[in-house]
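[1] Sequence first, predicted model second:
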Amino acid sequence: MTDSTEHQLKEAHRALLSALHKCEKIDTAKLPVSQRTLLERRIDALRISLVLIDKEADREPDSDDALRLSAFESVYEELSTSMTAVSAELEKLKASGREKTVRYKELFGQKLMNNYIKSLFERHGITFDNADFSESHRSRT
């Protein structure tokens, strides 16, 4: 270890992990594209920082599994949120007779892609009901 004490590294790790969890809870569907991109980059930076702190502390990066699970849960949540938002917007456009618009076709393509990704989850034994993913994942392990 260089200039950092073990205590300082633990505190920094705890603070960064807390910030990462808060960033991952943000609903990206409501953010403008620039803010969404900034948030994604911030999350990546926090993950890299956590890995580097683990390496600096010269301990087994047991949080690597936690970070991977956290990232996987974020993808799952984002997909679930996206599926709900896309379906709602498609219904709204359909109700107003705008089924031939470019926006409708874009959203329909997004719905197809979401369904494909959902099928990948299901093919690997991950059900896509609205139950909490972390609960169902922990029960499988």
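    Looks like it arrived, so ask away.

[2] Kindly state the domain boundaries assigned to the chain.
    Domain ranges of the chain: 1-61, 63-141, per automatic domain parsing.

[3] ok, of the ones you listed, where does mean pLDDT dip lowest?
    With a mean of 79, domain 63-141 has the lowest mean pLDDT of the domains of the chain.

[4] Skip the chain neighbours and tell me the closest residue to the residue most central in space within the chain.
    Residue closest to the average C-alpha location in the chain (CA atoms, centre = their mean): Ser74, at 2.1 Å. Excluding the flanking residues, the one nearest Ser74 by CB to CB, 6 or more residues apart in numbering is Glu24, at 4.7 Å. (C-beta placed from N, C-alpha, C; glycine too.)

[5] tell me the contacts of the one you found?
    Shown in contact with Glu24 (CB atoms under 8 Å, 6 or more residues apart in numbering): Ile43, Ser70, Glu73, Ser74, Glu77.

[6] any idea how far the fourth one is from Thr5?
    When you say that, I think you mean Ser74. 31 Å (CB to CB, to the nearest Å).

[7] circling back to that earlier point, kindly provide the distance from the residue nearest to Ser74 to Val102.
    32 Å.

[8] swap in Leu50?
    Distance from Leu50 to Val102, by CB to CB: 41 Å.

[9] burial of Tyr104, as a residue count?
    17 (other CB atoms under 10 Å).

[10] okay but it is in contact with Ser96, surely?
    No. Judged on CB atoms under 8 Å, Tyr104 makes no contact with Ser96 at a distance of 9.9 Å.

[11] Please enumerate the strands of the chain.
    For the chain, applying DSSP state E gives no strands.

[12] which residues of it fall in helices?
    Secondary structure of the chain (DSSP state H): helices at 6-24, 33-56, 63-95, 102-123, 133-140.

[13] Which secondary structure elements does the third one sit against?
    In terms of contact count using 3 or more CB pairs under 8 Å, 6 or more residues apart in numbering; DSSP states H and E, helix 63-95 is assigned the packing partners helix 6-24, helix 33-56, helix 102-123, helix 133-140.

[14] In a markdown table, list these along with distance to Thr84.
    Formatted as a markdown table, the helices and strands packed on helix 63-95 follow (distance: least, CB to CB, whole Å):
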| stretch | distance to Thr84 |
| --- | --- |
| helix 6-24 | 18 |
| helix 33-56 | 17 |
| helix 102-123 | 10 |
| helix 133-140 | 15 |
